[in-house]
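Visitor: One predicted model, sequence on top.
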Protein chains: 2
Amino acid sequence: MNIKSEHIPKATIGRLAVYIQVLENLLRDGNDVISSEKLARACSVNSSQIRKDLAYFGEFGVRGVGYYVQELITSIKQSLGIDRVWKCALIGVGNMGTALLRHHDFEKRGFKICAAFDCDPDKIGLEFEGMEIVCPTHLKEQAPELNLEIGIIATPPDRAQRAANHLVDANIRGIINFAPSRINVPKHIPVEYVDFFDHLYSIAFQITLGND
Amino acid sequence: MNIKSEHIPKATIGRLAVYIQVLENLLRDGNDVISSEKLARACSVNSSQIRKDLAYFGEFGVRGVGYYVQELITSIKQSLGIDRVWKCALIGVGNMGTALLRHHDFEKRGFKICAAFDCDPDKIGLEFEGMEIVCPTHLKEQAPELNLEIGIIATPPDRAQRAANHLVDANIRGIINFAPSRINVPKHIPVEYVDFFDHLYSIAFQITLGND
DNA sequence: AACGTCTTGTTCGAAATTTCACATAGCGGA
DNA sequence: TCCGCTATGTGAAATTTCGAACAAGACGTT
């Protein structure tokens, strides 16, 4: 990769994800070239912001012209490291876990759930979306065999730490936690928390605020 | 409510959601009182940050003692406007929509999905989790009747804007969009986008970065 | 009631992020 | 080939956010 700068703001990464989303829709609508100004409007951000975000990774545009959409998508994906397939392990095949297994965008977007774990004896052995549910104690063997790199925690909150321990023990390289509780893992393993109630809270707050 | 300051950073709102989550777990474990220092460690933030975040809304602590956990939870919920039930309309009963309907935390957390809409003729009329799926054209009648305030979009990306239009037309007050596309609505209606691939991208990026 | 201890609420300086403004560079037409 | 047009890439200013330090205040003990 071709990173020009040391530290990249987390907010930039978030925006890059938005740019990809908008760019792919633009491409589908037949746009070959786009200016930072137009892309900015579509993403509701400032155009300098876009140029600066991209500048962290390289020079992808053509002065006087703009950005070639397909090329820019490719460049951003390369920059983020999502120009390949990441193999994932799911722990917790409940409501959320099941939904994730069924969510076929995973593969489209470069993430493949290659193994599903659950400690419920009633679930172990069941086949699900072409995958057998296995006890998490087997993670340590299977992770190297299957080359699992990212762990997805979708357990109840009180089981999240245990799941995290299994993942760490299996030398997983990153964790995304859908359970509503914090987990502790060694510093070198990145963790992201997903809780869409955050967004509902934010909506509720914004609505309430407008009405005071 | 009792907001002391004009503008509140979006990041603060996000952190308040984290504080609630951690505080509820602390309460479950029998902690009655907590200091900003300990809460900070549990949330992986700075303790001044916590005190400052709370200061936007009032004074909730006792000097020399700390915060009473239950009381603080209540105060934060009041501050965010989630000390009541928000009635929601779901549009799009596909994979994601179904998962949301089944996700029973919604009610626990103060959001109730009171109506489900989908334009697929095969789905209209079906009963789902005690709710009949209705054509979105009926939103405008039902929204005032049922007092629907928040719209949840879970359609395919190319249908998201149409769904948003229906919601705006029905005088909904806020929108949360799970579809991977941007939508345009009048400025006074807050919109939040949820896409957990953002987090997967972030993990992938952080892993890749460590390996260059 | 006075004192010591402990933790909050707040101030102020530092750091990070965003925006502005413009020099730079590619493209197309004359 | 030159010139004008346009949109990028970037340095510097403005704004926002964060963190360290400290004054203020509550509780318990003497």
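Guide: Thanks, I have the structure now. Source: prediction; values computed, not measured.
Visitor: how about the helices in chain A?
Guide: Here chain A has its helices, by DSSP state H, at A:10-28, A:36-43, A:47-55, A:69-80, A:95-102, A:105-108, A:139-146, A:160-169, A:197-210.
Visitor: For residue B:31, which of those is the nearest?
Guide: Nearest to residue B:31, of all the helices of chain A, is helix A:160-169, at 16.8 Å by Cβ to Cβ. C-betas here are computed from N, CA, C, even on glycine.
Visitor: Residue A:193 versus the spatially most central residue of chain A, what's the distance?
Guide: Note on chain A: the residue nearest the mean C-alpha position is residue A:176, at 7.8 Å, using Cα atoms, centre = their mean. Relative to residue A:193, residue A:176 is positioned 8 Å away (Cβ to Cβ, to the nearest Å).
Visitor: what is in contact with the two at once?
Guide: Taking Cβ atoms under 8 Å, 6 or more residues apart in numbering or on different chains as the contact rule, residue A:176 and residue A:193 both touch residue B:199.
Visitor: can you list the weak-confidence ranges in chain A?
Guide: In the predicted model, chain A carries pLDDT under 70 at residues A:1-5, A:211-212.
Visitor: rerun at 50
Guide: Counting by pLDDT under 50, chain A contains low-confidence residues at A:1.
Visitor: okay, now the closest residue to DNA strand C within chain A: neighbour count?
Guide: Per Cβ to the nearest atom of the strand, residue A:64 is where chain A lies closest to DNA strand C, at 2.8 Å. Per other Cβ atoms under 10 Å in any protein chain shown, the neighbour tally for residue A:64 reads 6.
Visitor: quick one, phi/psi of it?
Guide: With angles defined as degrees, to the nearest 10, residue A:64 sits at phi 80, psi -10.
Visitor: domains of chain A?
Guide: Here the domain parsing of chain A from automatic domain parsing is A:10-79, A:86-197.
Visitor: For residue B:9, which of those is the nearest?
Guide: Comparing the domains of chain A by Cβ to Cβ, domain A:10-79 comes nearest, at 12.1 Å.
Visitor: Tell me if I'm right that residue A:70 and residue A:27 touch.
Guide: Yes - using Cβ atoms under 8 Å, residue A:70 is in contact with residue A:27, at 6.1 Å.
Visitor: so what sits against both of those two?
Guide: Shared contacts of residue A:70 and residue A:27 (Cβ under 8 Å, 6+ apart): none.
Visitor: Not counting its neighbours along the chain, what's nearest residue A:69?
Guide: Closest residue in space to residue A:69, ignoring its immediate chain neighbours: residue A:27 at 5.0 Å, by Cβ to Cβ, 6 or more residues apart in numbering or on different chains.
Visitor: Quickly note the distance from that neighbour to residue A:111.
Guide: Noted for residue A:27: a distance of 21 Å to residue A:111, by Cβ to Cβ.
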